[in-house]
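Undergrad: my questions are about this predicted structure, shown below with the sequence.
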Number of protein chains: 2
Amino acid sequence: MLTISQLAAYAGVTVRAVRHYHAKGLLPEPDRDRAGYRRYGAPAVVDLIRIRTMAEAGVPLARVQELLSADAHAFAVAVEEIDQRLRAEIRERQAHREKIARLAAGDSLALPPEAVTYLERLRSLGVPGVMVDAERDAWILVAAQLPERMPFYMQMKTQQLDDPGVRELYRDLAQIIYWSAEDPRLDEVADRLSDEFERIPVSAWEEALLPDDLAALLDEVFLESVPGARRILRRLEGRGWTGWTNLRPRSAAESVAADADVPSVPS
Amino acid sequence: MLTISQLAAYAGVTVRAVRHYHAKGLLPEPDRDRAGYRRYGAPAVVDLIRIRTMAEAGVPLARVQELLSADAHAFAVAVEEIDQRLRAEIRERQAHREKIARLAAGDSLALPPEAVTYLERLRSLGVPGVMVDAERDAWILVAAQLPERMPFYMQMKTQQLDDPGVRELYRDLAQIIYWSAEDPRLDEVADRLSDEFERIPVSAWEEALLPDDLAALLDEVFLESVPGARRILRRLEGRGWTGWTNLRPRSAAESVAADADVPSVPS
DNA sequence: CCTTGACCTTGACGCTGCGTCAGGGCAGCA
DNA sequence: TGCTGCCCTGACGCAGCGTCAAGGTCAAGG
């Protein structure tokens, strides 16, 4: 007769595992000797090896129980199911590998590649790091909400950068992050922005509207990260504009006031 | 300002997950409103999306914490380590798939293929199922203890089956499982066994000895599963044999009595 | 006879990443 | 005032054991 540690040694498992299988009902509790020790016969070793074999094949212990006493058909079904799970887990991990490979390559996983390209272009134009970071955070929010519209937005933004006037404005605009909340130069920048906005046809605003709650969130990012933000917005309002993320001529804003589901573009 | 459910919705996670990240220290606890509710600003959404992105890349939460504030080098090292773990897990699951595929194919995973072949041959010789099962259980024990010697044993047993006399003896021997413990025909079978054993050179015994504890275990299997086992052993002893699994002429047994590490062959 | 060391017993917490109650507070609406 | 819906904390549950903790047993040696 074997003690629990001998049994465990024969099957190549730990004593703890054996007791666990007892507790789970996979292995029947054997008789005890007068000291209360479990005493096993040879069949227990065979049972235990069977359990181990299934467990090592990736079968969850709960299913080992059924499988030990299943007919051929039920067994085949169960095995197929387990194999499916294993395949899914492998695919999952492969996807994880790709993701962390992209992480290692320096990509921000929270953004699609076209957004990364756009941000790099911003940086190469001389826009300060903090500003690019703020812009990046804003786009992370958009990408999380509307991933399918990211290519559209990025194409739009990239096209805007093809205009030298916009590029220059962008570089100058970027500087405001260093200015105090009441710097008078803010008004001048706001006016140049307003002039630029007027060149954009009304239809383009409509196309790029974001859901109102998301827009509010992005406005908040702007207001919190840029000291002069509030003054810029006030000045723009004086020039007939409303909002920032969902920027619109006031007239247009009134006409679509009830409609909140059309996306727009931030910053 | 956002409530916890809004924050969660923006990042595409559950409320429970957000609280979990707070508890883990991954995401800072925000200020509360007067009702004690957590109120989040936009940056929290970005932080949360970052955490989610790493977690979905298979990074354990404990490491997400370090990685969020790691320099480029530490980051690369950590990523490499995580990738290694993922590769290992994929290999593991692929091995599991192969194992359960063999299970589905009807193989007994607890036995090497050559043992399965041997057992099938036994069955095809007309040996009753219960007997083959007992033999299988015995070999499962051996395979678990001495996997590297299984090819040797199986070759040996298979060779024995090439002898028509042995085959016939085996078929007859198999019947004893149905006999009562004191069936007089048992003595006759034991005598035929003894005759057969005498044809085996002493050197062959030595080569096939099993460790004594394993042999004792296998003897127990025999004694417990075959009613007439004890009577057979008594008769064999009268003919000058000792043991069963580690069967030896008594003289040989005495000469190697102190030596317990040499393997032998069961049944 | 006592001690020592190796083994045995049960019970319970720990790890991962949350899901899922349980029990109760707060806010707005009819 | 009650209903509904969201928020709070606290705690258990899941898989498969690892790892104490606190104590009983057994065989051997001094």
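TA: All right, it came through fine.
Undergrad: now do residue A:90 against residue A:96, distance only.
TA: Using C-beta to C-beta, to the nearest Å, residue A:90 is found at 11 Å from residue A:96. For the C-beta atoms, the positions are set from N, CA and C on the backbone; glycine is no exception.
Undergrad: now do residue A:75
TA: According to C-beta to C-beta, residue A:75 and residue A:96 sit 31 Å apart.
Undergrad: okay, these two: which has more neighbours?
TA: More neighbours surround residue A:96 than the other of residue A:75 and residue A:96, with 20 against 17 (other C-beta atoms under 10 Å in any protein chain shown).
Undergrad: and the residue nearest the centre of chain A?
TA: The structure's chain A has its C-alpha centroid closest to residue A:110; by C-alpha atoms, centre = their mean the separation is 5.7 Å.
Undergrad: quick check: residue A:20 is in a strand.
TA: No. Membership of residue A:20 in a strand is not supported by DSSP: H, G, I helix; E, B strand; the rest coil, which gives helix.
Undergrad: burial of it, as a residue count?
TA: Using other C-beta under 10 Å as the criterion, residue A:20 is surrounded by 14 other residues.
Undergrad: relative to residue A:13, how far out is it?
TA: With distances taken as C-beta to C-beta, residue A:20 is found 9 Å from residue A:13.
Undergrad: residue A:93 now?
TA: Residue A:93 sits 26 Å away from residue A:13, going by C-beta to C-beta.
Undergrad: from DNA strand D, how far out is the closest residue to residue A:3 other than its chain neighbours?
TA: Counting by C-beta to C-beta, 6 or more residues apart in numbering or on different chains, residue A:3 lies nearest to residue A:37, which is 6.2 Å off, once chain neighbours are set aside. Using C-beta to the nearest atom of the strand, to the nearest Å, residue A:37 is found at 7 Å from DNA strand D.
Undergrad: swap in residue A:119?
TA: The spacing between residue A:119 and DNA strand D, counted by C-beta to the nearest atom of the strand, is 31 Å.
Undergrad: over to residue A:129?
TA: Computed with C-beta to the nearest atom of the strand, the distance linking residue A:129 and DNA strand D is 33 Å.
Undergrad: contact partners for the residue nearest to the centre of chain A?
TA: Residues counted as contacts of residue A:110 (C-beta atoms under 8 Å, 6 or more residues apart in numbering or on different chains) are A:140, A:143-144, B:46, B:49-50, B:53.
Undergrad: go on, residue A:40?
TA: In this structure, residue A:40 makes contact with A:1-4, A:6-7, A:30, judged by C-beta under 8 Å, 6+ apart.
Undergrad: at 6 Å what do you get?
TA: A:2, A:7, A:30 (C-beta atoms under 6 Å, 6 or more residues apart in numbering or on different chains).
Undergrad: between these, which has the most around it?
TA: The member of these that has the most neighbours, counting by other C-beta under 10 Å, is residue A:7 with 24 neighbours.
Undergrad: surely that residue forms part of a helix?
TA: Yes. Counting by three-state DSSP, residue A:7 is found in a helix.
Undergrad: who does the residue nearest to it when sequence neighbours are not counted form a beta bridge with?
TA: Closest residue to residue A:7 apart from its sequence neighbours, by C-beta to C-beta, 6+ apart: residue A:40 at 4.6 Å. Per DSSP bridges, the residues bridged to residue A:40 are residue A:2.
Undergrad: quick one: residue A:40 and residue A:139, what's the gap?
TA: Taken as C-beta to C-beta, the spacing of residue A:40 relative to residue A:139 amounts to 64 Å.
Undergrad: one more: residue A:65?
TA: Residue A:65 sits 51 Å away from residue A:139, taking C-beta to C-beta as the criterion.
Undergrad: again, but for residue A:225
TA: When C-beta to C-beta is the yardstick, residue A:225 and residue A:139 sit 14 Å from each other.
Undergrad: comparing these two, which residue is more hemmed in?
TA: Taking residue A:225 and residue A:139 together and counting by other C-beta under 10 Å, residue A:139 has the greater number of neighbours (27 against 18).
Undergrad: does the more buried one sit in a helix or strand, and which one?
TA: Counting by DSSP states H and E, the element that carries residue A:139 is helix A:129-145.
Undergrad: if I look at the most far-flung residue of chain A relative to its centre, what pLDDT would I see?
TA: The outermost residue of chain A, judged by C-alpha distance from the chain's mean C-alpha position using C-alpha atoms, centre = their mean, is residue A:34 at 59.9 Å. Taken from the predicted model, the pLDDT recorded for residue A:34 is 92.
Undergrad: checking it next. Helix, strand or coil?
TA: Classification of residue A:34 using three-state DSSP returns coil.
Undergrad: residues of chain A that sit close to DNA strand C?
TA: Within reach of DNA strand C by C-beta under 7 Å from any atom of the strand, chain A has these residues: A:3-6, A:15, A:19, A:32, A:36-38.
Undergrad: which element, helix or strand, includes the residue nearest to the centre of chain A?
TA: Assigned by DSSP H and E, residue A:110 falls outside every helix and strand.
Undergrad: what about the residue farthest from the centre of chain A, distance to residue A:3?
TA: Taken as C-beta to C-beta, the span from residue A:34 to residue A:3 is 14 Å.
Undergrad: over to the residue farthest from the centre of chain A: give its phi and psi.
TA: Geometry field for residue A:34 lists phi and psi as phi -70, psi -10, criterion degrees, to the nearest 10.
Undergrad: swap in the one 3 residues further on?
TA: Backbone torsions of residue A:37, given as degrees, to the nearest 10, read phi -80, psi 150.
Undergrad: tell me the spacing between it and residue A:24.
TA: 21 Å.
Undergrad: ditto for residue A:56
TA: Relative to residue A:24, residue A:56 is positioned 16 Å away (C-beta to C-beta).
Undergrad: neighbour count winner among the two?
TA: Neighbour tally, residue A:56 and residue A:24, criterion other C-beta under 10 Å: the higher count belongs to residue A:56, 16 against 13.
Undergrad: not counting its neighbours along the chain, what's nearest the more buried one?
TA: residue B:99 (6.8 Å).
Undergrad: what is the burial count for the one you found?
TA: If we define neighbours as other C-beta under 10 Å, then residue B:99 has 19 of them.
Undergrad: doesn't it belong to a helix?
TA: Yes. Secondary structure of residue B:99, determined by three-state DSSP: located in a helix.
Undergrad: show me where the stretch 151-267 of chain A has helices.
TA: Here the stretch 151-267 of chain A has its helices, by DSSP state H, counting those that start in this stretch, at A:164-175, A:185-198, A:202-207, A:212-225, A:229-238, A:250-255.
Undergrad: in TSV: those helices, plus mean pLDDT and distance to chain B.
TA: Compiled in TSV, these are given as follows (pLDDT from 0 to 100; distance: least, C-beta to the nearest C-beta, whole Å):
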stretch	mean pLDDT	distance to chain B
helix A:164-175	84	19
helix A:185-198	90	22
helix A:202-207	76	23
helix A:212-225	82	4
helix A:229-238	92	13
helix A:250-255	63	22
